[in-house]
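Student: Let me see the structure of the following:
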Amino acid sequence: MTPYARRGVHGQTVEALARRILGGEIPEGATLDLVALQSELDVSLTALRESLKVLAAKGMVDARQKRGTFVRARADWNLLDADVLRWQFEGGRTTDADRSLLHNLAEVRAIIEPAAVRLAAERRTEADLVALEVALAAMGRQEADPGDAVDADLAFHRALLAATHNELLERMEMVLESGLAHRDRIVHSAPHSEDPVPAHRAVLDAVRDGDPAAAETAMRALLDQAGRDLARLHGPDATAGSDATAGSDATAGSDAAAGSDDDTKGGGGQ
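Tutor: Got it, this is the predicted structure:
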């Protein structure tokens, strides 16, 4: 799904409502007072209702006769939606809910990225390698500010998923990107984090060499480093999901990718 465009009063109203819900200011099950919200947000009732339609499409609110518009249970929210993830992390805060989501995203990365990088090693094109090199070069610029470093890291991981030439895996960047950007902002703004370039270089070298096993090993090392960086800031519980990378042989997604070596080798032209 294409991320919601932040534009004008309508976009600002959507985001203001979403943040209140995600932050717990408007709790699950609460019935919304549209007249009060209209006054607080200084928008027309039409604009407010249109904004609520966006949130309804993302599973966050619903409306019923006699009950009105209410916040649905968190279990109904589309937490994989790129906007919902972005709203969860935006604002520079790191709440318990954010830490829990970072933990969940670390587990998702540990399942997806090692398997994806195996495919990238088998299928990458010269254009893919160029994109990875450009991102890595930007990551290594000493004068880069934290924002540029975040953008470079996102570009690298986006290029890796693109190098799988699997359109469903490519779409996963919309799921991973918001959490990865938030993690990067925390890490790059803190002193004494590990230099990310060598770990990313090892991944790129293995992908260039067309070595799926080495690429997976390098990616797991990169994820372990990411876990250590966050653990230094938030404690080990914040990134417990990265422990999954230590058990690489047990990861189902990795096994599936490993089994594909013989079947897909030489299929890089797809």
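Student: Does anything pack onto the host helix or strand of Ala116? Which helices or strands?
Tutor: When elements are assigned from DSSP states H and E, Ala116 belongs to helix 96-123. With contacts defined as 3 or more Cβ pairs under 8 Å, 6 or more residues apart in numbering; DSSP states H and E, the packing partners of helix 96-123 are helix 82-89, helix 146-162, helix 167-171, helix 173-188, helix 197-208, helix 212-234, helix 252-258, helix 261-264. Where you see a C-beta, it was placed from the backbone N, CA and C, and this is true even at glycine.
Student: can I get these in TSV with distance to Arg74, mean neighbour count and mean pLDDT?
Tutor: Output for those, formatted as TSV (distance: least, Cβ to Cβ, whole Å; neighbours: other Cβ atoms under 10 Å; pLDDT from 0 to 100):
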stretch	distance to Arg74	mean neighbour count	mean pLDDT
helix 82-89	11	23	84
helix 146-162	27	20	90
helix 167-171	23	12	93
helix 173-188	17	21	77
helix 197-208	34	19	97
helix 212-234	22	21	88
helix 252-258	26	16	42
helix 261-264	39	12	43
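Student: Adding distance to Glu133, write these out as TSV.
Tutor: Formatted as TSV, the helices and strands packed on helix 96-123 follow (distance: least, Cβ to Cβ, whole Å):
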stretch	distance to Glu133
helix 82-89	26
helix 146-162	9
helix 167-171	19
helix 173-188	18
helix 197-208	7
helix 212-234	15
helix 252-258	23
helix 261-264	24
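Student: To which secondary structure element type does Ala63 belong?
Tutor: Of the three states, Ala63 takes strand under DSSP: H, G, I helix; E, B strand; the rest coil.
Student: For it, which non-adjacent residue is closest in space?
Tutor: Thr69 (4.5 Å; Cβ to Cβ, 6 or more residues apart in numbering).
Student: helix/strand/coil for that neighbour?
Tutor: Look at Thr69: counting by three-state DSSP, its state is strand.
Student: Can you give me the neighbour number for it?
Tutor: Thr69 has 19 neighbouring residues, counting by other Cβ atoms under 10 Å.
Student: Kindly provide the distance from it to Arg19.
Tutor: Here Thr69 is placed at a distance of 17 Å from Arg19 (Cβ to Cβ, to the nearest Å).
Student: that older thread, if we go by neighbour counts, what in the helix holding Ala116 is buried?
Tutor: Using 16 or more other Cβ atoms under 10 Å as the burial criterion, the residues of helix 96-123 that qualify are 98-99, 101-103, 105-123.
Student: quick one: average pLDDT of the following helix or strand past that helix?
Tutor: With elements assigned by DSSP H and E, the helix or strand that comes after helix 96-123 is helix 126-139. For helix 126-139, the mean pLDDT works out to 96.
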